[in-house]
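Visitor: Give me a model of this one.
(2 chains)
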Protein chains: 2
Amino acid sequence: MTRDLLLRDVRPMGGPPVDLLIRDGRIAAPGTPPAPDAAVEQGGGALLLPGLVEGHTHLDKTLLGMGWRPHQAGPAIIDKIETERRLKREWGIDPARQSARQVAQSVAFGTTAIRSHVDVDDVMGLEAVEGVMETRAAWADHVSIEVVAFPQSGIVARPGVAALLEGALRLGADIVGGLDPCAIDRDPKGHLDVVFGLAERFGRPVDIHLHEPGALGAFSLELILERAEALGMQGRVTVSHAFCLGDAEPATVSALLERLARLDVAIATTAPASRPVPPVPRLRELGIRVCAGNDGIRDTWNPYGNGDMLERAMLTGLRWNCRRDEEIAMALDLCTTGGAAVLGLADYGLAPGCWADLVLVAAESPAEAVVARPPRRLVLRRGRAVARDGVAAGPGGEAAQPTG
Amino acid sequence: MTRDLLLRDVRPMGGPPVDLLIRDGRIAAPGTPPAPDAAVEQGGGALLLPGLVEGHTHLDKTLLGMGWRPHQAGPAIIDKIETERRLKREWGIDPARQSARQVAQSVAFGTTAIRSHVDVDDVMGLEAVEGVMETRAAWADHVSIEVVAFPQSGIVARPGVAALLEGALRLGADIVGGLDPCAIDRDPKGHLDVVFGLAERFGRPVDIHLHEPGALGAFSLELILERAEALGMQGRVTVSHAFCLGDAEPATVSALLERLARLDVAIATTAPASRPVPPVPRLRELGIRVCAGNDGIRDTWNPYGNGDMLERAMLTGLRWNCRRDEEIAMALDLCTTGGAAVLGLADYGLAPGCWADLVLVAAESPAEAVVARPPRRLVLRRGRAVARDGVAAGPGGEAAQPTG
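Guide: Reported below is the predicted structural model:
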């Protein structure tokens, strides 16, 4: 039993002001009287949102706090892989330290759940998974973190990685990752046999990066869907990026969407402005779960990003040309409820009984919060204040301020 | 003669720290000794950039400070035109008041020059031009503003607008505007004859909105280029948006680019994430002047935007996939030097003799300024402080803080 918390004068999703009672970390039923010793927070009429959900990032590789480091990699995915393999050691990108920096920043921005792909490769072995697990434990009261064992450099082409992936799962990674089965490993069957083989043996979900464009990406996606179906993995597979759904032939895309919906395979997008993207409104009409993520922020892949999921919602809104409030609500939904559906978060939302993972923002409406992205006034996790006025209270109570 | 200002310990474009003397509003030659009574500003090693240039906006129509107003218009351009015509009166979008709000915000963000399209139509007549001219006069010490007489609702299809455009030029509008000669007026020859006729009679430059896609936009662009050539208007025509350069046939685009370069016709882009865009790196290789702009911010056309040209530089960088520092420098250049070249600003930049229109930002490098967009520490216009720590000092000395 923790002390009751009474959130006064807050506007859930921009609706009329209410007082919200939080008991034992959950939203109490309306009308429940607070205990006499209840703590009180004055909401001042602020907008109340459920905690933001980061659906796709790379906590282990951010360069936050390491000074400005000009981007070095060439344009192709393989350039980025090779450059990062070199710089991990050269720059000393420590996964434990760096993931803690990004998590602090995410918490300050109101994120209460994160899915992070974490590199498993023949350069670092399991060091990145161990580092992120350390951060996950230290910040467990602030944010929930799902770890994807992610073969960033490939599996088949890099001896030992399959065994390392298994090691990562034994260490506590939650999800089996994968990457461009054709383009990187040059052996889609070999790659996917390992990924889905591990998923089957360990009973774990799958989340695969798929950057491959057009017909090639569509082919890889078919291979993924065949395996999801054969293994009965409905509801347990996510495909990240899926650019091919934005530039393959329309008939091919239609067939893929129908199959994604039938197998309840989710899509994670980072809403990139310079790449084709899946037709998200159509996906949602079909009932396909979709979440958004910041992808890596300030890392050797990409110099942009600050971890703010309201900024990602803005970029999502701009990418799909969302202008009406209900369209902007879709962009925000990818960063809240949609994210929760992909991550499989239980008891998420603003209904009685849900966990009190909440964000207060000085905005009139959810749409304004997306457009203006004001500092977060208060962030609650399981009813406990974990950030205030844009600054997170770290695990030791120290202030952890966003750096960019 | 104004008092000398010594800017100590600033890093021009991220280079080594220097002291910069400003005399009579201009950057003095290196080694010039400051007058004994010189004022001093401590730069603290901050990054020094030339003033940001807003190359395409609509000062008269922002809803800043009017509360959140859900977007009402449908997806087509004509829906936006009709909706705005209705709401201008219904909501009381006062051009003088609203333009002052946006200008205050722009100044706070370090913008020292603006080109604003200003509606000239049969709903408001010249009221918007008068309102923006009022703001321009009031804020003349803070920022330079170019006014484009912009026939937002068309010319040929709206009786009286041609005469109003002429009236706007007589009132002091600097540039003749135009809009989608085929799609809106349905009479490209008629539309462009008025636009270029006024430009010729009044000796004014032209800046035409061209949203038309593909082959249609390419056709309109050819008509524009024919007139620019016939009238000898080299260097005096800008085409805004020019989406067709992103989605017309490659051979058509190549021919258009060659002609744009030969006639020194400039391109203004807003780097939209959801539309095809001109191949900006190629344009710059060909020597074509390119600037960026925020377009309308928080208006009945588009709910997004805050007026920050560093944020627009970030969106530009994301749109053209700029990752290396030199690529991000291109995105920033569109918002600084490129903008100055399109607006025709004299004595712009960081060289001795240039106007001291300057921005100080706490960032290691120009690229980091684009990525992180920190509050502007100090904004100088002609050597005078017009904003500090993200807050503009208004014409009456009042603090004018960004609202979003």
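Visitor: Show me which residues of the stretch 1-150 of chain A are close to chain B?
Guide: Residues of the stretch 1-150 of chain A lying close to chain B (Cβ under 8 Å from any Cβ of the partner chain) are A:Gly67, A:Trp68, A:Pro70, A:His71, A:Gln72, A:Ala73, A:Pro75. C-beta: built from backbone N, CA, C; applies to glycine.
Visitor: try 10 Å this time
Guide: A:Gly14, A:Gly67, A:Trp68, A:Arg69, A:Pro70, A:His71, A:Gln72, A:Ala73, A:Gly74, A:Pro75, A:Lys80 (Cβ under 10 Å from any Cβ of the partner chain).
Visitor: Now for those: which two are most distant?
Guide: Across the residues of the stretch 1-150 of chain A next to chain B, no pair lies farther apart than A:Gly14 and A:Gly74, at 44.8 Å, counting by Cβ to Cβ.
Visitor: In terms of pLDDT, where does the residue lying closest to A:Pro70 once chain neighbours are set aside sit?
Guide: Setting aside the residues directly before and after it, A:Pro70 is nearest to B:Asp325 in space (Cβ to Cβ, 6 or more residues apart in numbering or on different chains), at 4.2 Å. B:Asp325 is assigned a predicted lDDT (pLDDT) of 98.
Visitor: in the stretch 151-300 of chain A, which spans are helices?
Guide: For the stretch 151-300 of chain A, applying DSSP state H, counting those that start in this stretch gives helices covering A:161-171, A:188-202, A:214-230, A:244-247, A:250-263, A:280-285.
Visitor: Check which residues of the third one are buried.
Guide: Looking back up the chat, that one is helix A:214-230. A:Leu216, A:Gly217, A:Ala218, A:Phe219, A:Ser220, A:Leu221, A:Leu223, A:Ile224, A:Leu225, A:Arg227, A:Ala228 (16 or more other Cβ atoms under 10 Å in any protein chain shown).
Visitor: Among the residues you listed, which one sits closest to A:Val290?
Guide: A:Leu221 (15.0 Å).
Visitor: I'd like to check which residues are in contact with the closest one.
Guide: Applying Cβ atoms under 10 Å, 6 or more residues apart in numbering or on different chains, we find A:Leu221 in contact with A:181, A:208, A:210, A:212, A:239, A:242, A:244-245, A:248, A:252-253, A:256, A:259-260, A:265.
Visitor: rewinding a little: buried subset of the residues of the stretch 1-150 of chain A next to chain B?
Guide: Here, 16+ other Cβ under 10 Å leaves A:Gly14, A:Trp68, A:Arg69, A:His71, A:Ala73, A:Lys80 buried among the residues of the stretch 1-150 of chain A next to chain B.
Visitor: mind listing which of the residues of the stretch 1-150 of chain A next to chain B are in helices?
Guide: Applying DSSP state H to the residues of the stretch 1-150 of chain A next to chain B, the entries found in helices are A:Lys80.
Visitor: Redo the residues of the stretch 1-150 of chain A next to chain B as JSON lines? Include pLDDT.
Guide: Formatted as JSON lines, these follow (pLDDT from 0 to 100):
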{"residue": "A:Gly14", "pLDDT": "97"}
{"residue": "A:Gly67", "pLDDT": "96"}
{"residue": "A:Trp68", "pLDDT": "97"}
{"residue": "A:Arg69", "pLDDT": "97"}
{"residue": "A:Pro70", "pLDDT": "97"}
{"residue": "A:His71", "pLDDT": "96"}
{"residue": "A:Gln72", "pLDDT": "95"}
{"residue": "A:Ala73", "pLDDT": "94"}
{"residue": "A:Gly74", "pLDDT": "91"}
{"residue": "A:Pro75", "pLDDT": "90"}
{"residue": "A:Lys80", "pLDDT": "94"}
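Visitor: circling back to that earlier point, residues in contact with the residue nearest to A:Pro70?
Guide: A:Trp68, A:Arg69, A:Pro70, A:His71, A:Gln72, A:Pro303, B:Gly14, B:Ser365, B:Pro366, B:Ala367, B:Glu368, B:Val370.
Visitor: any idea what sits nearest A:Pro374, other than its immediate chain neighbours?
Guide: Nearest to A:Pro374 is A:Ala362, by Cβ to Cβ, 6+ apart, at 5.0 Å.
Visitor: Could you point out the longest strand of chain A?
Guide: Assignment by DSSP state E gives strand A:39-50 as the longest strand of chain A.
Visitor: How is chain A partitioned into domains?
Guide: A:5-50+A:348-396, A:52-343 (automatic domain parsing).
Visitor: So which of these is nearest B:Ile155?
Guide: When those are compared by Cβ to Cβ, domain A:52-343 sits nearest B:Ile155, at 26.4 Å.
Visitor: With distance to B:Gly293 as new columns, can the domains of chain A be given to me in JSON lines?
Guide: As requested, the domains of chain A are exported to JSON lines (distance: least, Cβ to Cβ, whole Å):
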{"stretch": "domain A:5-50+A:348-396", "distance to B:Gly293": "18"}
{"stretch": "domain A:52-343", "distance to B:Gly293": "15"}
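Visitor: most packed of the ones you listed?
Guide: domain A:52-343 (a mean of 22; mean count of other Cβ atoms under 10 Å in any protein chain shown).
Visitor: Check the offset of that one from the chain's centre.
Guide: 8 Å (Cα atoms, centre = their mean, to the nearest Å).
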